[in-house]
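Q: Predicted model and sequence follow; I will ask about them next.
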Amino acid sequence: MKRLLSAPNLALATLWADQLCAAGIACTVQRPFNSSLAGQIPPDQCLPEVWVGDAAQHGQALALLDEWRHAPHRLWACPACHEIVDGPFEQCWNCGAAMPPLAPGMAGP
Ligand SMILES: [Zn+2]
């Protein structure tokens with residue numbers, strides 16, 4: 001187990017962990033329920049953290065996260081369930097359908 005990073009909120013930590021698992025990197029979200037301790041420890045130590053299961057994949061996981069966090073912002077409509085997907089994701093978070101190869105008029109420059 002090796003710590004990757006802390007996320008600004010649990011939703012994002014869970015999303016990153018899910019994305020990493022989907023990429024073949026086993027990881028877990030740690031300390032997600034510590035908000036009751038807020039005020040007793042520094043706020044930046046209450047944030048949920050993403051840990052990678054295999055330390056050998058740490059570098060790969062960090063590279064992927066870096067890629068996702070700096071990916072161009074996308075906004076596209078899922079062809080399967082019509083959910084609007086907002087962010088650097090190539091899969092619908094609602095039904096898991098893949099992003100269309102090109103979403104005319106919706107993809108950024
Ligand atoms: Zn969908």
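A: Arrived safely.
Q: helix or strand for the spatially most central residue of the chain, which one?
A: The residue lying closest to the centre of the chain (CA atoms, centre = their mean) is residue 16, at 2.3 Å. Residue 16 belongs to helix 10-22 when assigned by DSSP states H and E.
Q: Which parts of the protein belong to which domain?
A: As assigned by automatic domain parsing, the chain contains the domains 2-70, 71-109.
Q: Buried deepest among those, which one?
A: Comparing these by mean neighbour count (mean count of other CB atoms under 10 Å), domain 2-70 ranks first with a mean of 15. Quick note: C-beta positions are derived from backbone N, CA and C, even for glycine.
Q: out of the domains of the chain, nearest to the ion?
A: Each of the domains of the chain has some distance to the ion by CB to the ion; the shortest is domain 71-109, at 3.1 Å.
Q: and that closest one, is it in reach of the ion?
A: Yes. Against the ion, domain 71-109 shows contacts by CB under 5 Å from the ion at 78, 80, 81, 83, 92, 94, 95, 97.
Q: so how far is residue 92 from the nearest residue to residue 86 once chain neighbours are set aside?
A: Of all residues not flanking residue 86 in the chain, residue 75 sits nearest, at 5.4 Å (CB to CB, 6 or more residues apart in numbering). Using CB to CB, to the nearest Å, residue 75 is found at 13 Å from residue 92.
Q: Next, show the common contact partners of the two.
A: Common neighbours of residue 75 and residue 92, counting by CB atoms under 8 Å, 6 or more residues apart in numbering, are residue 85.
Q: and residue 93, what pLDDT?
A: Confidence at residue 93, expressed as pLDDT, is 86.
Q: just to revisit the earlier point, make sure the residue nearest to residue 86 is actually in contact with residue 85.
A: Yes. Counting by CB atoms under 8 Å, residue 85 is a contact partner of residue 75 at 7.3 Å.
Q: Now, the residues of domain 71-109 next to the ion that are in helices?
A: Among the residues of domain 71-109 next to the ion, no residue falls in helices (DSSP state H).
Q: need those in a markdown table with distance to residue 1, can you?
A: Output for the residues of domain 71-109 next to the ion, formatted as a markdown table (distance: CB to CB, whole Å):
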| residue | distance to residue 1 |
| --- | --- |
| 78 | 34 |
| 80 | 36 |
| 81 | 35 |
| 83 | 34 |
| 92 | 31 |
| 94 | 31 |
| 95 | 32 |
| 97 | 33 |
